[in-house]
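Peer 1: predicted model follows, preceded by the sequence.
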Amino acid sequence: QVQLVESGGGLVQAGGSLRLSCAASEGSLTSYRTGWFRQAPGKEREFVGFISTSGAITRYADSVKGRFTISRDNGKNMVYLQMNSLKPEDTAVYYCAAMSYSRSSSSMRDRGAYDYWGQGTQVTVSS
């Protein structure tokens with residue numbers, strides 16, 4: 001079991017950058033594949049990206065590809081989401097989520113495939 005805490009959100013102008021962090025307050029994140037999701041007001045929570053346990057494999061939603069980068073530092077028990085060239089449509093609450101070993105990575109875009117979630121961090125991009 002793992003408890004996740006996101007941080008790093010805030011207000012930024014369009015074109016700016018933010019780096020979100022996902023930490024495990026309890027347990028170890030190193031054995032979990034990790035996803036990032038976001039939820040804008042009035043919309044469903046959507047997939048942003050995914051990283052394997054080693055960090056060798058990453059996948060992204062088309063809407064963020066080329067702008068966002070997921071990385072992890074297993075020595076620090078952390079996963080990061082670097083967001084560049086931010087747009088107003090990136091405004092949302094961002095969540096990290098952990099997928100246990102019993103799940104298939106083919107379900108990485110499905111929020112139901114993740115077993116543990118953080119509380120979210122707000123990102124607001126002004127135009």
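Peer 2: That came in fine, so what should we check first? Numbers count the residues shown, from 1 in each chain.
Peer 1: from the chain's centre, how far out does stretch 118-126 sit?
Peer 2: Offset of stretch 118-126 from its chain centre (C-alpha atoms, centre = their mean, to the nearest Å): 11 Å.
Peer 1: residues in contact with it: which ones?
Peer 2: Residues external to stretch 118-126 that are found in contact with it (C-beta atoms under 8 Å, 6 or more residues apart in numbering): 4-14, 16, 18, 20, 22, 38-39, 83, 86-97. For every residue, glycine as well, the C-beta is placed using N, CA and C.
Peer 1: element containing the spatially most central residue of the chain?
Peer 2: By C-alpha atoms, centre = their mean, the chain has its centre lying nearest to Trp36, at 2.2 Å. According to DSSP states H and E, Trp36 maps onto strand 33-39.
Peer 1: which other helices and strands contact that strand?
Peer 2: Packing partners of strand 33-39 (3 or more C-beta pairs under 8 Å, 6 or more residues apart in numbering; DSSP states H and E): strand 18-26, strand 46-51, strand 68-73, strand 92-99.
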